[in-house]
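Visitor: Give the three-dimensional model of this entry:
(one chain, ligands or ions: 1)
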Amino acid sequence: VIQDVFIIGATGNVGKELVKQIVENDISESVHANPTRIVGLASSRSYVYHPYGLNDRTAISFSDKLLDPNECKGYSNYFELLRLVNRNGETPKTIFIDTTSVVDPMIRFHTRIIKHEVHGIVTANKNPLALGSFDTFELLTSRVERYGFSCTVMAGAEIVNLMRDLRDVNDRPTKIMGALSGTLGYIASRLENGDRFSAVVTEAKENGYTEPHPGTDLGGTDVRNKILIIARTAGLDVKPENITLEPLIDRAYLSIRDVPTFMARLPELDEHFEELFIKAREASMTLRYMASLDNTRNEPRIKIGLQEVAKDSPMGLLRGTDNKVMIETFTYGKGYIIQAAGAGIRTTAQNIRRDLLGQLVNRQATNYNGVRTKSY
Ligand SMILES: NC(=O)c1ccc[n+]([C@@H]2O[C@H](COP(=O)([O-])OP(=O)(O)OC[C@H]3O[C@@H](n4cnc5c(N)ncnc54)[C@H](OP(=O)(O)O)[C@@H]3O)[C@@H](O)[C@H]2O)c1
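Guide: Sure, this is the predicted structure:
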């Protein structure tokens, strides 16, 4: 079975790595039992397309932004890309892979694919699922075999698949607790060691752990989007008025858009964080930036912010950039824990390929070299 894919966002960190991994591992029918064929690649403005698959050179050069502009074509909306694969009167199933961070146009595009077409989607872009309505979420994810979204949370660790399966076996979560930001996890574990807040944020920024404007991480909206996807996957429609979000730092700082000014003001917060962590330490506690969902009452509620946890608790023991989620359900009364890297280009690209496996019909088992040595 050959799977045709069209990657939108192919020139970004994740998209580029994905092209490389597919070319290196999945593309050849002679070495892989479930080959992938890259029929199209798009950046924000241009694309390359061939109905029988792009050659490796074209694919790699396009994603490296080194392809001769004469070999690319321009486009202005995603429906043009859809028309390419739908022409000639036949519509072979194509899986569109979204590695952009586009919001509204992608909500429309994902919806169109799932509503009207035979095609599928695999997305690392969480925006259509977190920023669209609950109804949109339900529509998109209703087609389990045509919509892969495991990479929208924890870079594709099992949380999305677990929540979906628990929903389908009717085991509702009563509580979910998640440390869902590698950046904020790193900052909290450094503050626990007594390091200065401004120095830690500066170092995290220099090491590429933060977004270009660190306020994007410190504001907590990314964590909110992730817990919302987890909750929605479990079937819970959490109303905006039932979500409390406390950014790690005061909103007045977050409104400083100029990055150098923002960084220069951070030392003003050093004392505040030092005091918080000392106070927690005196009570054998520590602090972690977490999202907690409580589903034990009439309506599910989400609280996001810095929370005290026992030093020797699963969340207190979390270090560095790893993410961790603890779920309590009727069956898993004592909790089910998933811990893994919360981001990472290589992991994300690989897990997009796992989502592609999830859309195969008649998937065949394979070995490390691709195909099986014996046929059965
Ligand atoms: N990095 C991670 O570890 C990780 C993990 C899980 C999920 N994700 C998610 O994966 C997505 C991509 O992350 P990234 O780090 O690869 O981002 P990135 O490096 O900024 O890449 C973004 C890609 O999207 C393209 N793009 C931008 N605007 C577009 C538009 N309007 N229409 C079509 N394409 C557009 C860019 O094309 P140009 O080159 O033309 O600008 C580029 O190819 C994000 O949603 C992110 O949240 C990332």
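
Visitor: what's the pLDDT at the residue of the stretch 1-150 of the chain found nearest the ligand?
Guide: Nearest residue of the stretch 1-150 of the chain to the ligand: residue 12, at 1.9 Å (C-beta to the nearest ligand atom). From N, CA and C alone the C-beta is placed, and that goes for glycine too. pLDDT for residue 12: 96.

Visitor: can you pull the contacts of the residue nearest to the spatial centre of the chain?
Guide: Centroid check for the chain by C-alpha atoms, centre = their mean gives residue 152 as the closest residue, at 2.4 Å. Going by C-beta atoms under 8 Å, 6 or more residues apart in numbering, residue 152 touches 123-126, 129-130, 160, 226, 229.

Visitor: let's see it at 7 Å
Guide: Shown in contact with residue 152 (C-beta atoms under 7 Å, 6 or more residues apart in numbering): 123-124, 126, 129, 160, 229.

Visitor: List the contacts of the residue lying closest to it once chain neighbours are set aside.
Guide: Using C-beta to C-beta, 6 or more residues apart in numbering and skipping residues adjacent in sequence, the residue nearest residue 152 is residue 126, 3.9 Å away. By C-beta under 7 Å, 6+ apart, residue 126 lies in contact with 152, 225-226, 229.

Visitor: on that earlier part again, was I right about the residue of the stretch 1-150 of the chain closest to the ligand contacting residue 99?
Guide: Yes. Between residue 12 and residue 99 there is a contact under C-beta atoms under 7 Å: 5.7 Å.

Visitor: what about these two, which has more around it?
Guide: Using other C-beta atoms under 10 Å as the criterion, residue 12 and residue 99 rank with residue 99 on top: 25 against 19.

Visitor: That one is in contact with residue 15, isn't it?
Guide: Yes. Using C-beta under 7 Å, residue 99 is in contact with residue 15, at 4.0 Å.

Visitor: Now for those two: what residues contact both?
Guide: Taking C-beta under 7 Å, 6+ apart as the criterion, residue 99 and residue 15 both touch 7, 9.

Visitor: Tell me the residues of the stretch 251-376 of the chain that contact the ligand?
Guide: By C-beta under 6 Å from any ligand atom, the residues of the stretch 251-376 of the chain that approach the ligand are 343-345, 348.

Visitor: Name the residues of whichever helix or strand residue 274 is part of that are buried.
Guide: If you go by DSSP states H and E, residue 274 is part of helix 270-282. The neighbour-count check on helix 270-282 (16 or more other C-beta atoms under 10 Å) flags 270, 273, 277, 280 as buried.
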